[in-house]
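Peer 1: here is a sequence together with a model predicted from it:
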Amino acid sequence: MSYAFDEKSVFITGGCGSLGSALAGRLLTTRARRIVLFDNDQSKLAELERRFGDARVRYFVGDVRDLSRLRHAVERCEVAFHCAALKIIPSCEYNPTEAIKTNVLGSRNFIEACLDKVPEIAVGISTDKACSPLNLYGATKLCMERLFIAANRFKGDRKTIYT
């Protein structure tokens, strides 16, 4: 994994979540130049700052629903991972509008920010629940996947690979 991230600046939405924080921890074992953790949980960001204690990590309080904040945070990053999502199925069912705002519109915002700032690659993290979805969470992740596929068609001559 190390060579792929040597001297790269890596951006991670959902940086405090289980996958985002594990990814950040793994990236710290590489020669990544900078790791930008983006999350709306200020206390968990502070906890990660104490745990990691590495000057290469930057901590951005922000929400994927806020396009201008995403644009600012992803600036000068060569690799971008979109790990942010509302993923607790019963909560998504009970709060469908919030799940759509975060998982679908937040994904669209991530793509828009990457269209502006042009990282080399933008990776959308999905789930097996997106295959023939039986609940809202799966449906929102299916929409996220389709948005990433579409981004490869409408990116024009930009070099970013959406996957």
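Peer 2: On my side now, so go ahead. Numbering: from 1, shown residues only.
Peer 1: for this structure, give me the ranges with low pLDDT.
Peer 2: Screening the chain residue by residue with the criterion pLDDT under 70, one finds the ranges 1-2.
Peer 1: mind listing the helices for it?
Peer 2: When secondary structure is read from DSSP state H, the chain shows helices at 2-5, 18-27, 42-52, 67-74, 89-94, 96-100, 106-117, 136-154.
Peer 1: in the fourth one, what's buried?
Peer 2: The neighbour-count criterion (16 or more other CB atoms under 10 Å) identifies 67, 69, 70, 71, 73, 74 as the buried residues of helix 67-74. Every C-beta, even on glycine, is put in place using the N, C-alpha and C of the backbone.
Peer 1: what helices or strands is it leaning on?
Peer 2: If contacts are counted by 3 or more CB pairs under 8 Å, 6 or more residues apart in numbering; DSSP states H and E, helix 67-74 sits against strand 9-13, strand 34-39, strand 57-61, helix 106-117.
Peer 1: follow-up on the earlier one: between the buried residues of helix 67-74, which sits nearest residue 116?
Peer 2: Nearest to residue 116 among the buried residues of helix 67-74, counting by CB to CB, is residue 71 at 5.6 Å.
Peer 1: measure residue 80 to residue 43 for me?
Peer 2: Separation of residue 80 from residue 43 (CB to CB, to the nearest Å) stands at 24 Å.
Peer 1: so which of these two has more stuff around it?
Peer 2: residue 80 (28 against 8; other CB atoms under 10 Å).
Peer 1: beta partners of the more buried one?
Peer 2: According to DSSP bridges, the partner residues bridging residue 80 are residue 11, residue 122.
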